[in-house]
Structures are given as C-alpha cells and as structure tokens.
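Trainee: Build the 3D model from these lines:
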Amino acid sequence: MPRLLLLFMAASFFALGGCRARTELSDVEGKVTLKSTPLDKGYITFFPVGGPGDAFGAEIVNGSYKLKDVPAGKRKVLITRPGRISMDGGKAKLVSADPISPMAVGNNRIVEVGPGKQTVNIEL
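Mentor: Residues are numbered from 1 along each chain as shown. All right, here's what the predicted structure looks like:
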C-alpha cells in the first residue's frame, strides 16, 4: 500500500509540472520623452513590485528602448540619465547631465507587464 501511495504522489508531481509555477515572459519596448522631447540618452529599469525578483533594464537611445524576456507582473519603472565625459585641454572631465529626479512626474510609476509583446511609453 505505501508503494502505491508513493507512486501516486510521484505521478501527480510530474502531471502538475513539478512545484514550480511557470512565469510568462514579455518583450517590452517603448518611447521615453522629457517635456515632450525624446530623451536622447538614459536608462530604463523595471523593478519587481510586491516581492523578490530581478530588475530588468535597457539603454534609452534617441527616446527608444527594447527589453526581452521580462517576467509578467507588476513593475516599477525608473528612468535615469548618466553624466557625459568632455575633453578639456586634453583631459577627460565628467560633466553631469541634467539629472532626472526619481520623484519627477511619470517616473517611478507602476506598470503591469503582460505576456507577449508590449509597448510602455513614459512621459516625464
């Protein structure tokens, strides 16, 4: 009898695909604008909301970004902009770009990433 129960439990485990839930993935792309103008250069990061998980990010070039294989679910979106390097008398100098505040209207907003292909546009 214990063998029959063990066999039934093993069959149930494999029939249900194990104990791991499958996460659906999304390809996310979009445009990022600052005061209605495409953001020339920056970074977009999708952070998990409501639990552990990985953050996914991409470079923004000429106002556009593309991300592949982002797990579906709620994500907080953060836009940042790096400084740039300038040459001054043969010496490299870090020139800070106009920073984008995490508190800027439109930044740090929550989006729902669904399975498949999705467009998420951000206006700052």
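Trainee: what's around V32, how many residues?
Mentor: Residues contacting V32 under the criterion other C-beta atoms under 10 Å number 27. For the C-beta atoms, the positions are set from N, CA and C on the backbone; glycine is no exception.
Trainee: nope, S86 is what I meant
Mentor: 10.
Trainee: What of T33?
Mentor: 14.
Trainee: For the residue nearest in space to the middle of the chain, name its beta-bridge partners.
Mentor: In the chain, the residue lying closest to the centroid (C-alpha atoms, centre = their mean) is F46, at 2.6 Å. Beta bridges link F46 to F56, V77, judged by DSSP bridges.
Trainee: I figured it hits V77, correct?
Mentor: Yes. Counting by C-beta atoms under 8 Å, V77 is a contact partner of F46 at 5.7 Å.
Trainee: I44 touches L78, doesn't it?
Mentor: Yes. At 7.4 Å, I44 counts as touching L78 under the criterion of C-beta under 8 Å.
Trainee: and the gap between the nearest residue to G114 once chain neighbours are set aside and T23?
Mentor: Of all residues not flanking G114 in the chain, A72 sits nearest, at 5.6 Å (C-beta to C-beta, 6 or more residues apart in numbering). Applying C-beta to C-beta, to the nearest Å, the value for A72 to T23 is 7 Å.
Trainee: Looking at those two, which one has more neighbours?
Mentor: Taking other C-beta under 10 Å, A72 and T23 do not tie; A72 has more neighbours (15 against 12).
Trainee: Just confirm that one contacts V28, I think it does.
Mentor: No. Between A72 and V28 there is no contact under C-beta under 8 Å: 10.2 Å.
Trainee: what is in contact with those two at once?
Mentor: V113 (C-beta atoms under 8 Å, 6 or more residues apart in numbering).
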